[in-house]
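**Q** Could you work out the structure for the sequence below:
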Amino acid sequence: MVFYRSFRESIKELPEANQLEIYNAIFDYSFDFEEPELNGLSKAIFSLIRPNLDANIRKYFNGSTGGRPKLTETKPKPNKNLTETKQKPKRNQSESKPYPNVDEDVDEDEDVDEDEDVDEDEDVEKKPVSVFSDLPDEKMDYGFYPKTWNNSLLNHSKVSALTDKRKRSIKARLPEFGKTKEEQQAVFGAILDKIKASPFLSGENDRGWRPDFDWLLKNSDNWRKIYEGKFDKKAPQVATASAGGNTVTLPNGKTVALGVGEYIHERGHRTLGSGVNKIPIDAPPRPSAQYYWDRVNNVWQFNGLM
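**A** The predicted model follows:
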């Protein structure tokens, strides 16, 4: 991908949210060939950048197959005023320039003769090759991954259809998982086990967010974060109760007076119940089980139930 200075000059004048949205759209479109879903100003700016991206994609795919072969030389009709010369056949302007589809595979191992002249203005017919064409099951078992996801993560969103986009995502991630079918499936299973064991990835966060199948395989970073333990359950924080009752001592030495049902979560924050809601460390103790913490007014509120 070629990133032009003019892209940056145009994008940096936009609000930060639009900047990030357009940068992600450029990289997803150029590297993974994903059609961006943009609106408003971001869509307008990307439409101006897209022709340059398409031109570079065409150049990449044409170049990765060795360019266009040198055409055979032909002799023109005899001319009494000119000696016999060699000329190339004129290009038929009605013929369209070949442009490989982003869903097609390009063989990058084809040999290229470096001494051969290549005319970039001449057309060469290219036979498209499908990414998903006749791959043996033992090398590309697409169905294993959504099926294992659905059977393993019962509380996460299900994969209802194995679309071409999802196949492309699976195909891109498998070489990262391992070299053999067994290694790839074992790593995928280990990732799902980590998701199940992680409170955060099971919805215990401020938004109740859980990863879905498409997020996991969208890029190299998402699955690696899970596999390398970024979302693993943290070791419990040590908070010891004093002889006085509900006063606990934190690892940093600070003491906190807790009320009815309150405790220090394993992640270090003060909470109650399921542990999702955070209560300020310096808040007064909870008076009774009929009170809840009002995060707007920062006070304990009586819930009205007796």
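**Q** Now do the contacts for residue 293.
**A** 272, 277, 279, 283, 286, 300, 301 (Cβ atoms under 8 Å, 6 or more residues apart in numbering). (C-beta placed from N, C-alpha, C; glycine too.)
**Q** Regarding it, what is its secondary structure?
**A** strand (DSSP: H, G, I helix; E, B strand; the rest coil).
**Q** before we move on, the earlier item: quick one, which of the contacts of residue 293 are buried?
**A** 272, 279, 283, 286, 300 (16 or more other Cβ atoms under 10 Å).
**Q** could you dump stretch 40-58 to PDB, C-alpha only?
**A** Taking Å, rounded to 0.1, in the frame of the first residue of the first chain, the C-alpha atoms of stretch 40-58 are listed here in PDB:
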ATOM      1  CA  GLY A  40     -21.200  11.500   6.300                       C
ATOM      2  CA  LEU A  41     -17.800  13.300   6.200                       C
ATOM      3  CA  SER A  42     -15.800  10.100   6.600                       C
ATOM      4  CA  LYS A  43     -17.500   8.500   3.600                       C
ATOM      5  CA  ALA A  44     -17.000  11.600   1.500                       C
ATOM      6  CA  ILE A  45     -13.200  11.800   2.200                       C
ATOM      7  CA  PHE A  46     -12.700   8.100   1.700                       C
ATOM      8  CA  SER A  47     -14.400   8.300  -1.700                       C
ATOM      9  CA  LEU A  48     -11.700  10.800  -2.800                       C
ATOM     10  CA  ILE A  49      -8.900   8.600  -1.500                       C
ATOM     11  CA  ARG A  50     -10.300   5.300  -2.800                       C
ATOM     12  CA  PRO A  51      -9.300   5.700  -6.500                       C
ATOM     13  CA  ASN A  52      -5.600   6.000  -5.500                       C
ATOM     14  CA  LEU A  53      -6.000   2.800  -3.300                       C
ATOM     15  CA  ASP A  54      -7.600   1.000  -6.200                       C
ATOM     16  CA  ALA A  55      -4.800   2.000  -8.600                       C
ATOM     17  CA  ASN A  56      -2.100   0.700  -6.100                       C
ATOM     18  CA  ILE A  57      -4.000  -2.500  -5.600                       C
ATOM     19  CA  ARG A  58      -4.100  -3.000  -9.400                       C
END
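**Q** and that stretch, how far out from the chain's middle?
**A** 20 Å (Cα atoms, centre = their mean, to the nearest Å).
**Q** what do you get for stretch 175-188?
**A** Counting by Cα atoms, centre = their mean, stretch 175-188 comes out at 19 Å from the chain centroid.
**Q** Buried residues, that stretch. List them.
**A** 177, 181, 184, 185, 187, 188.
**Q** just stretch 247-254 next, same as before
**A** Within stretch 247-254, the residues scored as buried using 16+ other Cβ under 10 Å are 248, 250.
**Q** end-to-end on it?
**A** Length of stretch 247-254, first residue to last, Cα to Cα, to the nearest Å: 10 Å.
**Q** sorry, back to before: looking at the contacts of residue 293, which one is closest to residue 195?
**A** Ranked by distance to residue 195 (Cβ to Cβ), the contacts of residue 293 are led by residue 277 at 23.3 Å.
**Q** okay, and for this protein, where does confidence drop off?
**A** 63-139, 235-245, 304-306 (pLDDT under 70).
**Q** ranges for the helices of it?
**A** 5-11, 16-31, 40-64, 144-152, 164-177, 181-197, 213-217, 220-227 (DSSP state H).
**Q** helices and strands around the fifth one, which ones?
**A** Applying 3 or more Cβ pairs under 8 Å, 6 or more residues apart in numbering; DSSP states H and E, one finds that helix 164-177 makes contact with helix 181-197, helix 213-217, helix 220-227.
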